[in-house]
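Participant: Need coordinates for the below:
(chains A, B and C)
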Amino acid sequence: MILPGSFYTRKDVVRIAKDLLGKVLVTEFEGQHTAGMIVETEAYAGTSDKASHAFGNRRTRRTEIMYREGGMAYVYLIYGIHHLFNVVTHLAEIPHAVLIRAIEPLEGIDIMLERRKMETLKPNITAGPGAMSAALGIHTRHTGYMLHGPEIFIEDRGIKVPARDIVAATRVGVAYAAEDALVPYRFYIKDNKYVSKGKGL
DNA sequence: CAAACGATTTTCT
DNA sequence: GAAAATCGTTTGG
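Facilitator: Predicted coordinates:
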């Protein structure tokens, strides 16, 4: 089943980040169906989190989407090259979000290979937020899209991830965030080949 | 209006 | 392991 809005509007962004592990992210762009199981996420806890774009209640055209009600996509460009896909959470006016960092390909693998210009299926096809977005065809133009379709949605297919298989770690690429770089807001499925190799602290 | 920079990936040594 | 690639957003004049 497709996750309902109530899944995203909960107030505990860390809990949502953990709950998203094992869910299936699906995109349907121009008739191209691709899907993968989420294996790695990071939580960004709004105005008090120095690693968040919304730190200090900063509202700009780019971050405005995080102040909307949970349940939509926030996609932005990083390093001028990579598109990163986030899920907006919490209620309106509270800018929380979960970054989806990696998935395990399930459907439309041939399409992903083509988008990534790869010959064979290797873990790095979707290991890492920029790579994953490229494989699924996600672009900054998709910011604001609802996460219950028709083009982007996240499903619960009954996959259960045992608590002992969820690993908490520090977030990647946020060393500038001082003490907030130390919080264990990154979650991934233990021993999964598609988890990115990015280093926390 | 100009300048600096980043929630990364790839390539080359 | 280190460095380059590359551009929209943010910030300062």
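Participant: Wait, A:His82 touches A:Ile138, no?
Facilitator: No - using Cβ atoms under 8 Å, A:His82 is not in contact with A:Ile138, being 10.5 Å away. In short, each C-beta sits where N, CA and C put it, glycine included.
Participant: Comparing the two, which residue is more hemmed in?
Facilitator: A:Ile138 (26 against 15; other Cβ atoms under 10 Å).
Participant: give the contact list for the more buried one.
Facilitator: A:Thr27, A:Ala73, A:Val75, A:His83, A:Phe85, A:Met132, A:Ile152 (Cβ atoms under 8 Å, 6 or more residues apart in numbering).
Participant: before we move on, what about A:Lys11?
Facilitator: With Cβ under 8 Å, 6+ apart, A:Lys11 has these contacts: A:His90, A:Leu91, A:Ile94.
Participant: How about the secondary structure of A:Ile38?
Facilitator: Using DSSP: H, G, I helix; E, B strand; the rest coil, the secondary structure recorded for A:Ile38 is strand.
Participant: Tell me the predicted confidence for it.
Facilitator: On the pLDDT scale, A:Ile38 is placed at 98.
Participant: Could you pull up phi and psi at A:Ile100?
Facilitator: A:Ile100 adopts backbone torsions of phi -90, psi 120, taken as degrees, to the nearest 10.
Participant: just to confirm, which helix or strand has the nearest residue to A:Pro184 once chain neighbours are set aside in it?
Facilitator: Distances taken as Cβ to Cβ, 6 or more residues apart in numbering put A:Ala168 closest to A:Pro184, at 4.1 Å, once the chain neighbours are dropped. Using DSSP states H and E, the element containing A:Ala168 is strand A:166-169.
Participant: so what strands line up beside that strand?
Facilitator: strand A:186-189 (antiparallel) (DSSP bridges).
Participant: if I look at the residue of chain A positioned farthest from its centre, how far off is A:Ala102?
Facilitator: What lies farthest from the middle of chain A is A:Glu119; by Cα atoms, centre = their mean that is 25.3 Å. Separation of A:Glu119 from A:Ala102 (Cβ to Cβ, to the nearest Å): 21 Å.
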